[in-house]
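> The following comprises the amino acid sequence and a computationally predicted model.
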Amino acid sequence: MSMTSMVVLGLSIATVLLLLGAFLATLRQDRKGRTAEPPVEVAPLETPLPAPVGVVGYAGSDYADPRTLKVGDGIEVHGSPARVLGAMYISWQGQEWTEFLLRDTARRRQWLSVETRQGDPPHLEVFMWTEVPTQGMVPAKSMLIMEGVEFFPIERGTAAFRSEGDTGLPERGLLDFADYRASDGRLLSFERIQGGSWTASYANPLAPGSIAVVSRAP
């Protein structure tokens, strides 16, 4: 065999070995890629939404549940003593709520409303109502202005009620109401009993822990 033929043969063998090595390397990389587990996707954490104004939750807490209040109970609201003089149990279109009449040590009277609102999950709304002079105003079906603030209608109707204790109201009757909300979240409500004069009140939401039961009625 000539020297030239030996050189060509050597180059051919070297080329075949290089190609074979590249093929084996590719095969190993391909096998590794097929057997590797796909990356696990982690769902991003969701930021909980803040609770609406006036919405409070008592489930699983040590706070006094205002739904358990009874006429004659001695309570504290933000640390101020008061007594439950009476209650109105109100129903309207499948909704039910209770309004408790309170008297504090200064003999002032205020209404405390407690309502379980349906939702996901259901939640409790607790408001202390402060009467405001209506100056002859009646609830309009559109926006109205009270003390320079614009309030917009959200709910109105005629509900049935049953009273208990010292409320000064009939044992049973009908209650007309009209509720409004301002752009800053403030609530205003008009009420009248048995077609009487309208009264109006502002609502202040009470958070869990605002109410403490000091003594229970016998």
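All right, it came through fine.

> any low-confidence regions in this protein?
1-61 (pLDDT under 70).

> and residue 151, how many neighbours?
23 (other CB atoms under 10 Å). The way it works is simple: take the backbone N, C-alpha and C, and place the C-beta from them, glycine included.

> Leaving out chain neighbours, which residue sits closest to it?
residue 180 (3.6 Å; CB to CB, 6 or more residues apart in numbering).

> Tell me which residues are up against the helix or strand containing the one you found.
If you go by DSSP states H and E, residue 180 is part of strand 172-182. Strand 172-182 has contacts (CB atoms under 8 Å, 6 or more residues apart in numbering) with 88, 90, 139, 144, 149-163, 187-195.

> any idea where the strands of this protein begin and end?
55-56, 74-77, 80-92, 95-104, 109-117, 123-132, 144-146, 149-165, 172-182, 187-193, 199-205, 211-215 (DSSP state E).

> So which of those is nearest residue 62?
strand 211-215 (10.8 Å; CB to CB).

> Measure how that closest one sits relative to strand 109-117, angle-wise.
Put simply, strand 211-215 runs at 120 degrees to strand 109-117, going by axes from the mean of the first three to the mean of the last three CA atoms, to 10 degrees.

> now for strand 211-215, which elements pack on it?
strand 74-77 (3 or more CB pairs under 8 Å, 6 or more residues apart in numbering; DSSP states H and E).

> now the strand it packs on: how far from the chain's centre is it?
When distances are taken as CA atoms, centre = their mean, to the nearest Å, strand 74-77 is centred 24 Å away from the chain's centroid.

> Just the CA coordinates for it, please, in CSV.
This file holds the C-alpha atoms of strand 74-77, laid out as CSV (Å, rounded to 0.1, in the frame of the first residue of the first chain):
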residue,chain,number,x,y,z
GLY,A,74,-75.9,44.5,80.6
ILE,A,75,-73.2,45.2,78.0
GLU,A,76,-70.4,47.5,77.2
VAL,A,77,-69.8,49.2,73.9
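
> If any of the contacts of strand 172-182 are buried, put those into a PyMOL selection.
Buried subset of the contacts of strand 172-182, written as a PyMOL selection, criterion 16 or more other CB atoms under 10 Å:
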select buried, resi 88+90+139+144+151+153+159+161+163+187+188+189+190+191+192+193
